[in-house]
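>>> okay, sequence plus prediction incoming.
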Amino acid sequence: MAQVAAYFLWKAKQPVRYINIMKFMYFSEREFLLSHGSRLTGDELFSLPCGPVLSNTLDRFHIIDLDPYWSKWIECNTQNMFFLKKGDFTINSFDHLSDAAIKILDKVYEKYGHYDAFDLVELTHTTEHCPEWHPPGKFRLPLKIEDILRNHGRDQRQTDAIMKSLQEQDEYDKLIADLVS
């Protein structure tokens, strides 16, 4: 997740509001799911009043200086502007991102990189750009992957196949995590 956020900062070549990074990451997660039938970050998706978010990523944004991996890449100032740590970053620095991921990130940045934060929030509230988002009221609502798939043209057979594949990947990831711990 940190490398996805850092990649967008690298592309921007300037500080970026954290809400922009969150929206770029959400659009990337969704596009990766729709294009490849798998998740980019594996993060949980939720509807919040400011639009869809990656839940664990949002949590990290609030403690970025305390997370050693995130703080290796990203700094945050008091105005909630994120910037890439100083260093000679190249495309090869993002070694946890596949070529397919980078292609999606580039596509998302090209499409949304020029928006300001509040325009991005408004955009995520439109059914044209984000039909899966629903106003959560004062709380948050989980965004179901099935709803994303269906709202973006996947039929029931395609949705079921993707959901089965995602479940198998989750089970595999849990097994590996259990073996490592």
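Nice, thanks for sending it over.

>>> show me where this protein dips below the pLDDT cut-off.
Within the chain, not a single segment meets pLDDT under 70.

>>> show me the residue at the heart of it, geometrically.
Centroid-nearest residue in the chain: Met25, 2.7 Å away (criterion: CA atoms, centre = their mean).

>>> now the helix or strand harbouring it, how far from the centre of its chain.
Met25 belongs to helix 18-36 when assigned by DSSP states H and E. Centre-to-centre, helix 18-36 and its host chain are 4 Å apart (CA atoms, centre = their mean, to the nearest Å).

>>> now the element after it, going C-ward?
Helix 18-36 is succeeded, C-terminally, by strand 45-48 (DSSP H and E).

>>> what distance do you get for the residue nearest to the centre of the chain to Thr41?
7 Å (CB to CB, to the nearest Å). Heads up, the C-betas are built off the backbone N, CA and C, glycines and all.

>>> hey, what's in contact with both of the two?
Counting by CB atoms under 8 Å, 6 or more residues apart in numbering, the contacts common to Met25 and Thr41 are Met1, Val4, Leu54, Thr57.

>>> need the max-distance pair from these.
For the shared contacts of Met25 and Thr41, the maximum inter-member distance is 9.1 Å, found between Val4 and Leu54 (CB to CB).

>>> hang on, the earlier thing: okay, the shared contacts of Met25 and Thr41 in JSON lines with secondary structure next?
Below are the shared contacts of Met25 and Thr41 laid out as JSON lines (DSSP: H, G, I helix; E, B strand; the rest coil):
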{"residue": "Met1", "secondary structure": "coil"}
{"residue": "Val4", "secondary structure": "helix"}
{"residue": "Leu54", "secondary structure": "strand"}
{"residue": "Thr57", "secondary structure": "helix"}
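
>>> flag every buried residue along the helix holding Met25.
For helix 18-36, the neighbour count (16 or more other CB atoms under 10 Å) marks 18-34 as buried.

>>> what helices or strands is it leaning on?
Applying 3 or more CB pairs under 8 Å, 6 or more residues apart in numbering; DSSP states H and E, one finds that helix 18-36 contacts helix 2-12, strand 51-54, helix 55-62, strand 81-84, helix 99-112, helix 117-124, helix 145-151.

>>> just the ones you listed: most buried one?
Stretch with highest mean neighbour count among the helices and strands packed on helix 18-36: strand 51-54 (a mean of 25; mean count of other CB atoms under 10 Å).

>>> please name the strands paired to that strand in the sheet, noting orientation.
Paired strands of strand 51-54, with direction, are strand 45-48 (antiparallel) (DSSP bridges).

>>> helix or strand for Asp160, which one?
Assigned by DSSP H and E, Asp160 falls within helix 156-180.
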